[in-house]
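let me see the structure of the following:
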Amino acid sequence: MPTTRRDFLAASAAAIVATPHILRRPAAAPDPVILFQGDSITDAGRNRAIAAANDPAALGRGYPLNVFQSLAALKPYAKLSVLNRGVSGNIVPDLRTRWQADTLDLKPTILSILIGVNDVWHTLGKTPADEVVATYEAGYAALLEQTRAALPDVRLVVLEPFVLRTGAVNDSWFPEFDQLRAACRRVADHARADFVPLHDMFQARAAKSKPDEWLADGVHPTAAGHSAIAKEWLDKVKL
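Residues are numbered from 1 along each chain as shown. Got it, this is the predicted structure:
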């Protein structure tokens, strides 16, 4: 018996009802919320009285501002929120005391962390290197485990600590600082985080010019140094 138009429409409607997923649109990806965390290198003189996303004063004068400006230029119509909660002088235990309010409550979709130089600097000659590195690694790993539990879909970006032998940095920092860098890499791997290597990048750049053109005192980046960090971050994260 030939199929009538009415039979065809009825059969099509029944098929759609039976497989409703055909009509469902895939869930839209959340608008990116990028949060930068760390110490003075991330803080970069930000105005802590301003909490709003994308405000240049709130982002400081460093690589978080550079990243925001680059992304805003590349994706001018994207709904992008960039926040900076770096605090000068912080070490890993300091991050843990403020993690809930300054990180988890902000619900970032991308969390970028640079921490470690002060963990060495503040204890240099006072605490055994093995103890410094072990405390750093255990505390950092616990912090990222807490983050994964609270924000299971967050993308973690771990930046490698870096120094150059100039200003405040001399041979007494080594090999402790290299051990801390290795610990940072292990933490990133364990947390399934994107790892942004920076130490060797700065060594290579300084070899072609002067160290203080990149890190003014061996620790804190110049404008050129912040731009270099932002470039490495963008190349790795690829938004």
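
what average pLDDT does the longest helix seen in the chain get?
Longest helix of the chain, by residue count under DSSP state H: helix 129-150. For helix 129-150, mean pLDDT is 98.

break down the protein into its helices, ranges please.
Using DSSP H, helices in the chain cover 5-18, 40-43, 56-59, 63-74, 92-102, 117-121, 129-150, 176-190, 199-207, 223-237.

L164: which of those is closest?
With distances scored as Cβ to Cβ, the stretch of these nearest to L164 is helix 199-207 (5.2 Å). The way it works is simple: take the backbone N, C-alpha and C, and place the C-beta from them, glycine included.

give me the contacts around that closest one.
Residues outside helix 199-207 that contact it (Cβ atoms under 8 Å, 6 or more residues apart in numbering) are 160-164, 166, 181, 213-215, 225, 228, 232.

just the buried residues from the residues you listed, in PyMOL please.
In PyMOL, this line selects whichever of these come out buried by 16 or more other Cβ atoms under 10 Å:
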select buried, resi 160+161+162+163+164+166+181+214+215+225+228+232
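
measure the closest residue to G38 other than its chain neighbours to A53 for me?
Leaving aside its sequence neighbours, G38 sits nearest to L114 (Cβ to Cβ, 6 or more residues apart in numbering; 4.0 Å). The gap separating L114 from A53 is 19 Å, by Cβ to Cβ, to the nearest Å.

with G218 instead?
Taking Cβ to Cβ, one finds G218 at 32 Å from A53.

likewise I113?
Per Cβ to Cβ, I113 is found 18 Å from A53.

next one: A182
Taken as Cβ to Cβ, the span from A182 to A53 is 34 Å.

what mean pLDDT does stretch 93-101 have?
In the prediction, stretch 93-101 has an average pLDDT of 97.

now the residue positioned nearest the centre of the chain: closest residue in space that isn't a chain neighbour?
Centrality entry for the chain: nearest residue to the mean C-alpha point is S112, 1.0 Å, by Cα atoms, centre = their mean. Among residues not flanking S112 along the chain, V157 sits closest, at 4.1 Å (Cβ to Cβ, 6+ apart).

surely the one you found is in contact with L111?
Yes - contact status for V157 versus L111: in contact at 6.8 Å, counting by Cβ atoms under 8 Å.

which stretches of the protein have low pLDDT?
1-30, 77-78 (pLDDT under 70).
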